[in-house]
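Student: A predicted structure for the sequence below; I have some questions about it.
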Amino acid sequence: MFKPFMVFTLLLLISYTNIIHSAEFSSNASEYLQNSTLPFKATDSYEEALQLWKTPEDVNGWIAANFSYDTSRAIGFSETQRSKNERPPIYSPSELFRRKTGVCVDLARFGVETLRRIHPGSDPKYLMIEFEPIQIKGDTFRLHWLVRFKRDGKTYFFADSKRPGHMAGPYDDTREFINEYAQYRNRKIVAFRELESYQKQRRAKALNLKEPEKKP
């Protein structure tokens, strides 16, 4: 009697572990460990970095060596928590540089705003991806953010909290990347948008809530 019980318990633990692993892979948490092998110009402050960094690779190298995903902070950005509480403020690039940890939108802001200062010709923009919603430990998650930039007529993507330090490209267009990314994440992408600001979508929704003016 004892042996069948032990076998059942073992199978239950394996099943539970697989569920947890699946949930973690589906989340926006980093898949990679920090990687200091990518070359970048190390600095003591963000302002110094703006003077030394010149390319997306400089920014990407710092991300690979320093960024870690803050799972506890991510809970505050879930749709479940945002329906109850105000969303936490997004870290500024200098704050992320100091903390070295955050969530996808923190990292995307760091990438976009840094590139706009050191290499504006790369036309950096936010890429907001809307997945089919998933639930992780009772909280619903849907959105993901990363950075899109241009070089030599091609499109590239980086500052992805799921794989910090990875630079995807070149692609002919964003749709090509989205198709590939959906397969990599094994999640259905419902929609995506290239945005100038991480705040733009929220403002657009707020405007849509206004009642139309009545004509006399």
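Tutor: Sure thing, it's come through. This is a predicted model, so every value here is computed, not measured.

Student: what ranges of the chain fall below the confidence cut-off?
Tutor: For the chain, residues meeting the criterion pLDDT under 70 lie at 1-26, 32-33, 36, 82-83, 85, 200-216.

Student: Now with 50, please.
Tutor: 1-25, 202-216 (pLDDT under 50).

Student: which residue is nearest the middle of it?
Tutor: With distances taken as CA atoms, centre = their mean, Cys104 lies nearest the centre of the chain, 2.7 Å away.

Student: which residue packs closest to it, ignoring adjacent ones?
Tutor: Distance criterion CB to CB, 6 or more residues apart in numbering; nearest residue to Cys104, sequence neighbours excluded, is Ser161 at 4.0 Å. Where C-beta positions appear, they are placed from N, C-alpha and C, glycine not excepted.

Student: my guess is Leu92 contacts Arg109, does it?
Tutor: If you look again at residue 92, you'll see it is Ser, not Leu. Yes - at 7.4 Å, Ser92 and Arg109 qualify as touching, with contact defined as CB atoms under 8 Å.

Student: ok, the nearest residue to Lys54 once chain neighbours are set aside - how many residues close by?
Tutor: If the residues on either side of it in the chain are set aside, Lys54 comes closest to Ile118, at 6.0 Å by CB to CB, 6+ apart. Using other CB atoms under 10 Å, Ile118 has 19 neighbouring residues.

Student: Would you mind measuring from Ile118 to Phe149?
Tutor: 11 Å (CB to CB, to the nearest Å).

Student: Over to Phe67?
Tutor: 18 Å.

Student: What are the phi and psi values at Glu113?
Tutor: phi -70, psi -30 (degrees, to the nearest 10).

Student: just Asn28 next, same as before
Tutor: According to degrees, to the nearest 10, Asn28 has phi -90, psi 10.

Student: dump the residue contacts of the residue nearest to it when sequence neighbours are not counted.
Tutor: For Asn28, ignoring the flanking residues on the chain, the nearest one in space by CB to CB, 6+ apart is Cys104 at 4.7 Å. Applying CB atoms under 8 Å, 6 or more residues apart in numbering, we find Cys104 in contact with 28, 144-146, 160-162.
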